[in-house]
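A.B. asks: Starting from these lines, generate the structure:
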Amino acid sequence: MTNSDFSGPVRQDSDRFGRPVTFLNGRFDIKLATGDTGGGLFIIDTLRAACGGPPLHYHHEQDEWFLVQQGRFRFRIGDGLHELGPGDSIFGPRRVPHAFINLTAPARLLIAFQPAGQMEAFFAKSLLDPRSEEFRALSREHGMEVVGPPLSI
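C.D. replies: Numbers count the residues shown, from 1 in each chain. Below is the predicted model:
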């Protein structure tokens, strides 16, 4: 552990710093911060109150791993479409376009980014409409490229 102020467990439905972010269609709780691992890993828990998801995008330097905890999700990783339920996980390698949509609400998804890169900073600033040019620019500033629309049900 590299963060000397790490204070123990992060409880369910809690954010590591007590500052959850509302973004897209849900609440994002940091479970493991970038600083906790010296930039090696960033983990967020997302509780989704309505159906939806991010636009098709890829990360230049981060791999992304998803674990469905509640509900049903559809993922696009590259050209493949996959439907996942509780306990299922899927890997999104860096530089491979991916998107997901929760098909049920509420739904919960745990997401890990490795290395952490600038993802924590992105979520702290990402209150923009994901269809806007400002969102695309913010994504580029944080190591991502938006390459298509969100998935639809």
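A.B. asks: residue boundaries of the strands in the chain?
C.D. replies: Counting by DSSP state E, the chain has strands at residues 21-23, 26-32, 42-48, 55-59, 63-70, 73-77, 80-84, 89-92, 98-102, 107-114, 144-150.
A.B. asks: Can you list the buried residues in the lowest-mean-pLDDT helix or strand in the chain?
C.D. replies: Ranked by mean pLDDT, DSSP states H and E, the weakest helix or strand in the chain is strand 21-23, scoring a mean of 85. Within strand 21-23, the residues that qualify as buried are 21, 23, counting by 16 or more other C-beta atoms under 10 Å. Every residue, glycine included, has its C-beta placed from N, CA and C.
A.B. asks: most centrally placed residue in this structure?
C.D. replies: Closest to where the C-alpha atoms of the chain average out (C-alpha atoms, centre = their mean) is I111, at 5.1 Å.
A.B. asks: in the sheet, who's paired with that residue?
C.D. replies: With DSSP bridges applied, I111 shows beta-bridge pairing to I44, F66.
A.B. asks: can you pull the pLDDT of it?
C.D. replies: At I111, the pLDDT value in this model is 98.
A.B. asks: That one and P150, how far apart?
C.D. replies: 16 Å (C-beta to C-beta, to the nearest Å).
A.B. asks: Can you report how many residues lie near V147?
C.D. replies: Look at V147: counted by other C-beta atoms under 10 Å, it has 13 neighbours.
A.B. asks: what stretches of the protein score poorly on pLDDT?
C.D. replies: Along the chain, segments meeting pLDDT under 70 span 1-7, 127-128.
A.B. asks: redo that, cut-off 50
C.D. replies: Counting by pLDDT under 50, the chain shows low-confidence ranges at 1-2, 4.
A.B. asks: before we move on, back to that, any idea how far the residue nearest to the centre of the chain lies from G8?
C.D. replies: As judged by C-beta to C-beta, I111 and G8 stand 22 Å apart.
A.B. asks: Let me see the contact set for L32.
C.D. replies: 10, 16, 41-43, 112 (C-beta atoms under 8 Å, 6 or more residues apart in numbering).
A.B. asks: Run the angle between the helix ranked longest in the chain and strand 55-59 for me.
C.D. replies: With secondary structure taken from DSSP state H, the chain has its longest helix at helix 133-141. Angle of helix 133-141 versus strand 55-59, following axes from the mean of the first three to the mean of the last three C-alpha atoms, to 10 degrees, is 20 degrees.
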